[in-house]
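**Q** Give me a model of this one.
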Amino acid sequence: MRPSSRSRIPAFDVMRITDEIARRRLAGHDVVSLCAGEPSARPAPGTLKPAGYTGPLGTTPLREAIAGHYRTWYGVEVDPGRVAVTTGSSGAFQLVFLAAFDPGDRVALASPGYPAYRNILTALGVQVVEIPTGVDTRYQPTPALLDAAVAAHGELAGLIVASPANPTGTMLNRTELAALAEWCRARDVRLISDEIYHGITFPAPGQPDPRGVSAAELDPEAIVINSFSKYWGMTGWRLGWAILPPSLVAPLEALASNFALSPPAPAQELAMRAFTEETYAERDAVVDGFARARELILDAEPALGWGTAAPSDGAFYYYSELGPLLERYGSATEYARVLLERADVAVVPGVDFDPVNGDRAVRLSYAAGEAAVAEALERILRFQSA
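**A** Model prediction:
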């Protein structure tokens, strides 16, 4: 597997030099930089604190800290040089797709699934092969489904998996993810694993891999994408990362140095606090709150009277078909519209996640917490009984 032809662009040399300056300063050198166009004068008192560019793939300390996170959570050694810090996981997807795929390449993904995968790939001229999934495969792709997709559409260049997934919350266990990784290896298909909800999981007692299985544990050629947005709750700081195979580091660095110059420096400084025992304990307490909110929804299933729901293994989503309510409202879009209008409860119809069958389902996010979910359920039940 080679980098895409369109990623063969020169890196922005200013950003390469900026990265080298940072490394030398970390090593104790007193570097005088006349390199980047960075204003040095401090602003007036009480206004914004200036922050300079970092390297295009992030600061060395943060890349090392992310590598350490994989050692702590997964017991796997990741070379910090393979870590690319990005402007949110969205920035990682854009750069990875540009670096890995050429226009006309075919990339498979599960449906229902996160719509931005499909939309970014389409904008880049990549053919999206949607794999219909359901309760029988726990809304995840399988080697058999991939074989069927190849038979119907032709050879694939990539596969995107998400575990836990948005919108379904379902997860791949170690055996299932290993089987997909092996399928990709045997066919020179790039495996891209979206792991941004790792840590927000609800395992049964004694279940192995309680935080989720990382593709980094199974295949050094897999591309792993994660973010500070979900488990750490840093959505607005716009900071994510990708773990890359060695062959994609230089192409992605060249793209990043031209597209974004560098990830946001203040967010990187703050993110250094994420990988401490204190922070992990704090965030795990938040996940406990998500678990309680999830239980409220699961307990309300009989009263809601909806249709088939996806197993909500992780993330903070509950995805369910509306079942008998479709006869009354005709579509999930109409149900969501009327629910918001009459009960002031906002849920998301499934059309974004599944353009074919999604208008039969809704997604509830319980990220808002236990109190908000309890109030929403009370209003939904009152609305449906009216």
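**Q** in the stretch 151-300 of the chain, which spans are strands?
**A** Here the stretch 151-300 of the chain has its strands, by DSSP state E, counting those that start in this stretch, at 158-162, 190-194, 223-227, 240-243.
**Q** need those in JSON lines with distance to Ser257 and mean pLDDT, can you?
**A** All C-beta atoms are positioned from the backbone trio N, CA, C, and that covers glycine. Listed next are the strands of the stretch 151-300 of the chain as JSON lines, based on distance: least, C-beta to C-beta, whole Å; pLDDT from 0 to 100:
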{"stretch": "strand 158-162", "distance to Ser257": "23", "mean pLDDT": "98"}
{"stretch": "strand 190-194", "distance to Ser257": "22", "mean pLDDT": "98"}
{"stretch": "strand 223-227", "distance to Ser257": "19", "mean pLDDT": "98"}
{"stretch": "strand 240-243", "distance to Ser257": "15", "mean pLDDT": "98"}
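**Q** Could you export those to TSV, including columns for mean neighbour count and distance to Ala386?
**A** Formatted as TSV, the strands of the stretch 151-300 of the chain follow (neighbours: other C-beta atoms under 10 Å; distance: least, C-beta to C-beta, whole Å):
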stretch	mean neighbour count	distance to Ala386
strand 158-162	25	37
strand 190-194	25	39
strand 223-227	26	40
strand 240-243	27	43
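**Q** closest one to Leu296 among these?
**A** Closest of the strands of the stretch 151-300 of the chain to Leu296 is strand 158-162, at 24.5 Å (criterion: C-beta to C-beta).
**Q** Can you tell me what sits against that closest one?
**A** The set of residues external to strand 158-162 that reach it, using C-beta atoms under 8 Å, 6 or more residues apart in numbering, is 100-101, 105-110, 113-114, 117, 140-141, 146, 172, 177, 180, 184, 189-195, 197, 215.
**Q** got the CA coordinates for that strand in CSV?
**A** Provided in CSV are the C-alpha atoms of strand 158-162 (Å, rounded to 0.1, in the frame of the first residue of the first chain):
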residue,chain,number,x,y,z
GLY,A,158,-9.9,1.0,2.3
LEU,A,159,-12.2,0.0,5.1
ILE,A,160,-13.4,2.3,7.9
VAL,A,161,-14.5,0.7,11.1
ALA,A,162,-15.8,2.4,14.3
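**Q** what lines up beside it in the sheet?
**A** Applying DSSP bridges, strand 158-162 is found paired with strand 106-111 (parallel), strand 190-194 (parallel).
**Q** and the contacts of strand 158-162, which are buried?
**A** Taking 16 or more other C-beta atoms under 10 Å as the criterion, what is buried in the contacts of strand 158-162 is 100-101, 105-110, 113-114, 117, 140-141, 146, 172, 177, 180, 184, 189-195, 197, 215.
**Q** which residues in the stretch 51-200 of the chain form helices?
**A** 60-74, 88-100, 115-123, 143-153, 174-186 (DSSP state H, counting those that start in this stretch).
**Q** Please identify the most buried of these.
**A** helix 88-100 (a mean of 24; mean count of other C-beta atoms under 10 Å).
**Q** Name the residues linked to Gly240 by a beta bridge.
**A** Thr86, Ser227.
**Q** mind listing what it touches?
**A** Contacts for Gly240 (C-beta under 8 Å, 6+ apart) come out as 85-92, 196, 225-229.
**Q** coming back round to it: closest one to Arg238 among the helices of the stretch 51-200 of the chain?
**A** Short answer: helix 88-100, nearest of the helices of the stretch 51-200 of the chain by C-beta to C-beta, at 4.4 Å.
**Q** No further questions, thank you.
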